[in-house]
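Q: Provided below are the primary sequence and the corresponding predicted coordinates.
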Amino acid sequence: MGKIKENLNKINNIKEEITQKSGRGKDDVLLVAVTKTRTAEEINEAIDAGVTDIGENKVQEIMDKYDFVKPVKWHMIGHLQTNKVKYIIDKVSLIHSVDSLKLAQEIDHRAKQKNLTIDILVQVNSAQEESKFGITTEETGELINNILDTCENIRVRGLMSIAPFEENPEDVRVYFNQVKQLFDKYSKLNHERCDFKYLSMGMSHDFEVAIMEGSNLIRVGTAIFGQRNYIK
C-alpha cells in the first residue's frame, strides 16, 4: 500500500469515528484533499485511493494541473482575486473563499457569461486574525443578504473558516463554535439561492475538533501527502 493511501485510510477512520461520536453518520463529513504544490501524479494517486474532491489555494495551480488530473471535483479554497475568477469559473464545483460583495459580483458576472450557477461559501474570520482573509461574524449576515439580492447566478451553500494555528487544537474550539452558530442561523434563511449544505472547517492539525463542533467538510493536505517541499 502506498503512503498516500495509508494516510488516507487513517484519516478516514478518524473522521468516521469522530463524526459518529458527534451524533452523525460516518459519511456525513466530506474530506477535501488539499493539493497545494502537489503534482498531478500525487493527486491521481490520491484519487485512485478514494479521494473524490480536491482543494487548491491558487488559480494558477488549478490551471496547470486541470488537464492532467483524473475526473474529480475541484474546490477553490484560497484567496481569490477578482481578475482571476474568469479562469476557473467553469472548472470548480465550489468556491470556499468569498469574502466581499465585489468578488461575489465578479463570480456572478462570469457565471452569467457561461450560463452557470456557481456554488460558493462565505469565508468568516471569527478570530479576526489580520493575517487571514474573511469577514467578521458581525458582517456575515449583511454579505449573505447582499449576495442574494444582487447575484442571480450564485447559490450560497454555507460558510468556511480557517482557525488560528495553536499547538493545542482545543484552543480553537471557540472559533469553530462561533461559525457553527452562524451556520445554524443563516441556514434558516428562506431563499431559493440560499441552500446551506457545507460548513467548511478544519485542516490537518485541527479537523477532529472542527468535526466535534459541527464541521461537515474538512480540508486536509499535509496529513495525506506529507510535508510540502516549497521550491523558491
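A: Arrived safely.
Q: helices of this protein, residue ranges please.
A: Secondary structure of the chain (DSSP state H): helices at 3-21, 40-48, 59-65, 85-88, 101-113, 140-150, 173-186, 207-212, 222-225.
Q: pull up the per-residue confidence for the closest residue to Asn125 other than its chain neighbours.
A: Once flanking residues are discounted, Asn125 sits nearest to Gly134: 3.1 Å by CB to CB, 6 or more residues apart in numbering. Placement of C-beta: from N, CA and C, glycine included. For Gly134, the pLDDT comes out at 90.
Q: the closest residue to Thr19 other than its chain neighbours: what's it in contact with?
A: Nearest non-adjacent residue to Thr19, counting by CB to CB, 6+ apart: Val29, 4.9 Å away. Taking CB atoms under 8 Å, 6 or more residues apart in numbering, we find Val29 in contact with Lys15, Thr19, Ile211, Ser215, Asn216, Leu217, Ile218.
Q: quickly note the distance from Val29 to Lys132.
A: 23 Å (CB to CB, to the nearest Å).
Q: tell me the contacts of the closest residue to Ser161 other than its chain neighbours?
A: Of all residues not flanking Ser161 in the chain, Val179 sits nearest, at 4.4 Å (CB to CB, 6+ apart). Val179 makes contact with Val124, Ser126, Thr137, Leu159, Ser161, Leu199, Met201, according to CB under 8 Å, 6+ apart.
Q: deepest of the helices of the chain, which one?
A: helix 207-212 (a mean of 24; mean count of other CB atoms under 10 Å).
Q: chain center to it, what's the gap?
A: Relative to its chain's centre, helix 207-212 lies at 14 Å (CA atoms, centre = their mean, to the nearest Å).
Q: where does the protein dip in pLDDT?
A: 129, 131, 229-232 (pLDDT under 70).
Q: if you set the cut-off to 90 instead, what comes out?
A: Residues of the chain meeting the criterion pLDDT under 90: 1-2, 26-27, 125-133, 136, 163-169, 171, 190, 227-232.
Q: check contacts around Lys10.
A: By CB under 8 Å, 6+ apart, the contact set of Lys10 is Ala223.
Q: if I look at it, how far off is Phe176?
A: Computed as CB to CB, the Lys10 to Phe176 distance reads 22 Å.
Q: who's in contact with stretch 79-87?
A: By CB under 8 Å, 6+ apart, stretch 79-87 touches 57, 59, 62-63, 95, 97-99, 102-103, 106-107, 110, 133.
Q: what do you get if the cut-off is 7 Å, keeping everything else the same?
A: Applying CB atoms under 7 Å, 6 or more residues apart in numbering, the external contacts of stretch 79-87 come out as Val59, Met63, Ile95, Ser97, Lys102, Leu103, Glu106, Ile107, Arg110, Phe133.
Q: and what of stretch 152-162?
A: Contact with stretch 152-162 is made by 94, 96-97, 104, 107-108, 111-112, 116-124, 126, 132, 134, 144, 147-148, 175, 179, 182-183, 193-201, as judged by CB under 7 Å, 6+ apart.
Q: if we use 6 Å, what do you get?
A: Counting by CB atoms under 6 Å, 6 or more residues apart in numbering, stretch 152-162 makes contact with 96, 108, 111-112, 117-124, 126, 132, 144, 147, 179, 183, 193-201, all of which sit outside it.
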